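Chemist: Next come a sequence and a model predicted from it.
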Amino acid sequence: MKAAFVLVRCELGRIEEVANKVMEIDGVSEVHSITGPFDLLVKLYAPSVEEFGEIIPDRLQRVPGIRETETLLAFRAFKPAR
């Protein structure tokens, strides 16, 4: 399973509405409100990198209230040693 993080900039006053709609998208595991130039950080998973090419533009970016996105693909996840 591949992971991606998407930074989302929302229209003013629509952060919670957008977050709730984004959580309904298959593959989305978490949505966080954040500080900085973006409003939300979305963590999502897909079986392949190619599937992000469908999920992000076809579903995520079509959520009403989203103004802009920036996608970061994860290469590797690091976990604490036990």
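Modeler: Yep, it's here.
Chemist: In this structure residue 44 contacts residue 31, no?
Modeler: No. Using C-beta atoms under 8 Å, residue 44 makes no contact with residue 31, being 9.3 Å away. Placement of C-beta: from N, CA and C, glycine included.
Chemist: Those two - which one has more neighbours?
Modeler: Remark: of residue 44 and residue 31, residue 44 carries more neighbours, 24 against 21, as counted by other C-beta atoms under 10 Å.
Chemist: So what pairs up with that one in the strands?
Modeler: residue 4, residue 28 (DSSP bridges).
Chemist: Can you give me the separation between it and residue 81?
Modeler: According to C-beta to C-beta, to the nearest Å, residue 44 stands 27 Å off from residue 81.
Chemist: what ranges do the strands span in the chain?
Modeler: 2-10, 28-33, 40-46, 66-73 (DSSP state E).
Chemist: Run through who's touching stretch 65-82.
Modeler: The contact list for stretch 65-82 (C-beta atoms under 8 Å, 6 or more residues apart in numbering) reads 2-11, 14, 17-18, 21, 38, 49, 52, 56, 60-61.
Chemist: just stretch 12-31 next, same as before
Modeler: Stretch 12-31 is contacted from outside by 8, 10-11, 33, 39-46, 51, 55, 59-60, 63-66, using C-beta under 8 Å, 6+ apart.
Chemist: let's go with 10 Å and repeat that
Modeler: For stretch 12-31, contacts defined as C-beta atoms under 10 Å, 6 or more residues apart in numbering pick out 1-6, 8-11, 32-33, 39-47, 51-52, 54-56, 58-60, 62-67.
Chemist: and residue 49, how many residues sit next to it?
Modeler: The burial count for residue 49: 10, using other C-beta under 10 Å.
Chemist: so what's it up against?
Modeler: Residues near residue 49 by C-beta under 10 Å, 6+ apart: 2, 4, 73.
Chemist: From residue 66, how far off is it?
Modeler: Per C-beta to C-beta, residue 49 is found 21 Å from residue 66.
Chemist: same question, residue 81
Modeler: Counting by C-beta to C-beta, the gap from residue 81 to residue 66 is 38 Å.
Chemist: Compare the two (neighbour count), which wins?
Modeler: Neighbour count, other C-beta under 10 Å: between residue 81 and residue 66, residue 66 has more, with 20 against 4.
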